[in-house]
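**Q** please find the sequence and the predicted model below.
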Amino acid sequence: MDQTQINTWRAKDIPPQTHLIDGKNAPASDSATMEVTSPIDGQVITTMARGTAQDMQAAIAAARAAFDDRRWAGQPPAARKKVLMKWADLIDAHALELAVSGVRDNGTEIGMAFKAEPGSAAGTIRYYAEALDKVYGEIAPTADDVLGLIHREPVGVVGAIVPWNFPLMIGAWKLGPALAMGNSVVLKPAETASLSLIRLAELAHEAGLPAGVLNVVTGEGAVVGEAMGLSMDVDALVFTGSGSTGRRLMEYSARSNLKRVYLELGGKSPNIIFADAPDLDEAAKVAAMGIFRNSGQVCVAGSRLLVEASIHDEFVDAVVNVTKALKVGDPLDLENHIGAINSETQLMQNLQSVETAQREGGTVTLGGGRILSETGGYYMDPTIVTDVTPEASLSQKEVFGPVLAVTPFTDEAEATRIANATDYGLAGAVWTQNLSRAHRMIRAVRTGVMHVNTYGGADGTVPLGGVGQSGNGHDKSLHALDKYTDLKTAWVKL
Ligand code: ADP
């Protein structure tokens, strides 16, 4: 990937986008469209279908028909594997196209987007393609006169609702295991990050996925997402996004067919720095990137920095210095480290969170404002707020933007208490050379993932999921297969 190739892709017109239902491109039932605005410069780059409830029902009907006639689940595992492997190859072959259209849509810096989006999506699809013929049923240890069989079956029609920060990566976390296990899927991308997912689904069909097995319906969450949530024909909802939408999905399920609901709802993750961290300079660098990469629009972002009081001032200075060196700007320019905020609405919410933090006694030590507004795009200075109390809104509410809350602590017990004093529990980190303390903190901090002497590393082999109001269920690894399979038992009298 070089700048010239990136520029070639960014110069291309993107044709008006439609749904993908039953293997065919389809406009909205009432032909309505919505503009796709690029956060890079605030310009409209194309339109897409503004889906109706009827469109969602058509997609669900196509998925149901495809599941019921077993056109996908009924194929031999080797055949399904071949299709998914080919799909992954096509994702790789179209990686730059996918990455650039995704960045024009959502604003993530291209260096990160290229790796984290098509790169990781292809890897994820391959991982589950390889896994699909290694999932066995079981025979129960019953008495001799019976045979207890435990089959693993696909759940049926899966509704996947994904957010705008990493549409391909998070989309693949759902699509990979769902399709590998033989389910049909209806995918609802976020309003502000649909383009690359539509293309991803087109590539799946090019790879040989039968029509109806993967459908994409674009439009407003409150319309098409609600229609999906309330459907009597969707068997499971898998979601990554905000807590308020997650709650709605559980209500939809309760009001309809009690479909299973798996939620990944973000966090307010603590990055805990003890004075005996092995390398404080490295810790400062990683702490800055742990919050500021993709402008903090990362569910596992280390948005709370808890620093041992004895090193607080010096460590904050180090983080400030690292952050000052980060260049914010056009996300398609390889020289920039940080891109745009996804939407003007999100930018305004970020700025609001800084105002509230100040009102509640926080000190804006770096940044705090909108920048580059002359571009027409949505950019924000990486922002560090110190003197943030554990009770302050900035410690309690996820911003989903480049805003770091810094809080001092005096000892391990206080660090643990502050770390656990939110409703969330997604990620966290502890920096210390003391092995026993590291393991005590892994146990004591209530999160789905704890890092030790690093922040944010992971790969497809380790599950990702939250506790508390960060959600339930896991993406990634073989554990993700649990969401997309049911156990069916047979009791056979011999
Ligand atoms: P964020 O704050 O990250 O945008 P949201 O929860 O609003 O989080 O969005 C995540 C996904 O949820 C998007 O695809 C969005 O369209 C969808 N969504 C939003 N509102 C609803 C709703 N009422 N029902 C179903 N899906 C929704």
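**A** Great, that's in hand.
**Q** hang on, residue 343 packs against residue 42?
**A** No: using CB atoms under 8 Å, residue 343 makes no contact with residue 42, being 10.1 Å away. All C-beta atoms are positioned from the backbone trio N, CA, C, and that covers glycine.
**Q** who touches both of these two?
**A** Shared between the contact lists of residue 343 and residue 42 (criterion: CB atoms under 8 Å, 6 or more residues apart in numbering) are residues residue 378.
**Q** of those two, which one has the most company?
**A** Taking residue 343 and residue 42 together and counting by other CB atoms under 10 Å, residue 343 has the greater number of neighbours (19 against 14).
**Q** how close does residue 288 get to residue 231?
**A** The gap separating residue 288 from residue 231 is 43 Å, by CB to CB, to the nearest Å.
**Q** ditto for residue 50
**A** 19 Å.
**Q** so those two - more neighbours on which side?
**A** In this view residue 50 and residue 231 are compared by other CB under 10 Å, and residue 231 has more residues nearby, 25 against 20.
**Q** so what's residue 457 up against?
**A** For residue 457, counting by CB under 8 Å, 6+ apart, the contacting residues are residue 451.
**Q** just to be sure, it is in a strand?
**A** No: the assignment for residue 457 is coil, going by DSSP: H, G, I helix; E, B strand; the rest coil, so no strand is present there.
**Q** quick one: pLDDT of it?
**A** The score at residue 457 is 85. That number is its pLDDT.
**Q** contacting residues around the residue nearest in space to the middle of the chain?
**A** Central residue of the chain (CA atoms, centre = their mean): residue 170, 4.3 Å from the mean position. Shown in contact with residue 170 (CB under 8 Å, 6+ apart): 162-163, 240, 475.
**Q** kindly report the residues of this structure close to the ligand.
**A** If contacts are counted using CB under 6 Å from any ligand atom, the residues of the chain sitting beside the ligand are 161-163, 188, 190-191, 221-222, 225-226, 229, 241-242, 245, 248.
**Q** which one of these is nearest residue 214?
**A** Nearest to residue 214 among the residues of the chain next to the ligand, counting by CB to CB, is residue 188 at 12.3 Å.
**Q** what's the closest non-adjacent residue to that closest one?
**A** Across the structure, with CB to CB, 6 or more residues apart in numbering as the measure, the residue nearest residue 188 apart from its sequence neighbours is residue 161 (4.7 Å).
**Q** now do the contacts for that neighbour.
**A** Counting by CB under 8 Å, 6+ apart, residue 161 makes contact with 188, 221, 225, 228, 237-241, 245, 249.
**Q** could you dump those residues into a markdown table and include neighbour count, secondary structure and pLDDT?
**A** Listed next are the contacts of residue 161 as a markdown table, based on neighbours: other CB atoms under 10 Å; DSSP: H, G, I helix; E, B strand; the rest coil; pLDDT from 0 to 100:
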| residue | neighbour count | secondary structure | pLDDT |
| --- | --- | --- | --- |
| 188 | 28 | strand | 98 |
| 221 | 19 | helix | 98 |
| 225 | 26 | helix | 98 |
| 228 | 29 | helix | 98 |
| 237 | 24 | strand | 98 |
| 238 | 28 | strand | 98 |
| 239 | 27 | strand | 98 |
| 240 | 27 | strand | 98 |
| 241 | 24 | coil | 97 |
| 245 | 19 | helix | 98 |
| 249 | 24 | helix | 98 |
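**Q** could you dump those residues to JSON lines with distance to residue 58?
**A** What follows is those, written out as JSON lines (distance: CB to CB, whole Å):
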{"residue": "188", "distance to residue 58": "13"}
{"residue": "221", "distance to residue 58": "18"}
{"residue": "225", "distance to residue 58": "15"}
{"residue": "228", "distance to residue 58": "12"}
{"residue": "237", "distance to residue 58": "18"}
{"residue": "238", "distance to residue 58": "21"}
{"residue": "239", "distance to residue 58": "21"}
{"residue": "240", "distance to residue 58": "24"}
{"residue": "241", "distance to residue 58": "23"}
{"residue": "245", "distance to residue 58": "23"}
{"residue": "249", "distance to residue 58": "21"}
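**Q** picking that back up, and which of the residues of the chain next to the ligand is nearest residue 328?
**A** Nearest to residue 328 among these, counting by CB to CB, is residue 163 at 21.6 Å.
**Q** OK, contacts around the closest one?
**A** With CB under 8 Å, 6+ apart as the criterion, the residues that contact residue 163 are 170, 190, 193, 240-241.
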